[in-house]
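Engineer: 3D model of this:
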Amino acid sequence: MTEALPPDTSPLPRWMVQFLRYTGVGAVGTACQYLILWVGVERFLANPTRASFAGAIVGAVVNYVLNYYYTFGSSSGHAVAAPRFFAVAGVGIAINTALMHVLVDWIGVHYLIAQVVATGVVLVTSFLVNRIWTFSRGHRV
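Structural biologist: Sure thing, here's the model as predicted:
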């Protein structure tokens, strides 16, 4: 498989290129999550925490495929990478859901603002774990 990352002649450190790609890929998955969140709350009057949870699952599937091939150019087999990715995603979804519950239900923050905060926290933590553990086999970290 051809490596998806630029050659080592890139002026940016490899981790930064990966983070930029991870953020771009994450934007696609996040758009899926936010769409499901918004439609769930505004159209179906769903609880924001539950709608966010459902959207996060859809976003995680989208993110796995894009990160595997595009962000990290992983040479790990799916049998290794997928369980790791979804374990990390599961923790991210738990953090997201807990933050949504606390910010919306306990503190009274508007659900879209709460989602932006939760997204930022999960973005940084999941990038670090995915870079170090999930997609690291078979290429430099």
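
Engineer: What is the burial count for the residue lying closest to N67 once chain neighbours are set aside?
Structural biologist: Nearest non-adjacent residue to N67, counting by C-beta to C-beta, 6 or more residues apart in numbering: V25, 5.5 Å away. Every C-beta, even on glycine, is put in place using the N, C-alpha and C of the backbone. Neighbourhood size, V25 [other C-beta atoms under 10 Å]: 21.

Engineer: Figure out how far the helix or strand harbouring V25 is from the centre of its chain.
Structural biologist: Per DSSP states H and E: V25 is located in helix 14-42. With C-alpha atoms, centre = their mean, to the nearest Å as the basis, helix 14-42 stands 6 Å off its chain's centre.

Engineer: Stretch 27-47 too?
Structural biologist: On C-alpha atoms, centre = their mean, the centre of stretch 27-47 falls 15 Å from the chain's centre.

Engineer: Going forward, count from 514.
Structural biologist: New numbering, starting at 514: the last item is stretch 540-560.

Engineer: Output that stretch as CSV, restricted to C-alpha atoms.
Structural biologist: Extracted in CSV, the C-alpha atoms of stretch 540-560 (Å, rounded to 0.1, in the frame of the first residue of the first chain):
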residue,chain,number,x,y,z
ALA,A,540,-14.4,17.5,10.4
VAL,A,541,-16.2,15.1,8.1
GLY,A,542,-17.1,12.8,10.9
THR,A,543,-18.0,15.7,13.1
ALA,A,544,-20.3,17.1,10.4
CYS,A,545,-22.1,13.7,10.4
GLN,A,546,-22.4,13.9,14.2
TYR,A,547,-23.6,17.5,14.3
LEU,A,548,-26.2,16.8,11.5
ILE,A,549,-27.6,13.9,13.4
LEU,A,550,-27.5,15.9,16.7
TRP,A,551,-29.3,18.9,15.1
VAL,A,552,-31.9,16.8,13.3
GLY,A,553,-32.5,14.7,16.4
VAL,A,554,-33.0,17.6,18.6
GLU,A,555,-34.8,20.0,16.3
ARG,A,556,-36.8,17.6,14.2
PHE,A,557,-37.5,14.7,16.5
LEU,A,558,-37.2,16.5,19.9
ALA,A,559,-34.6,14.0,21.1
ASN,A,560,-32.5,14.5,24.2
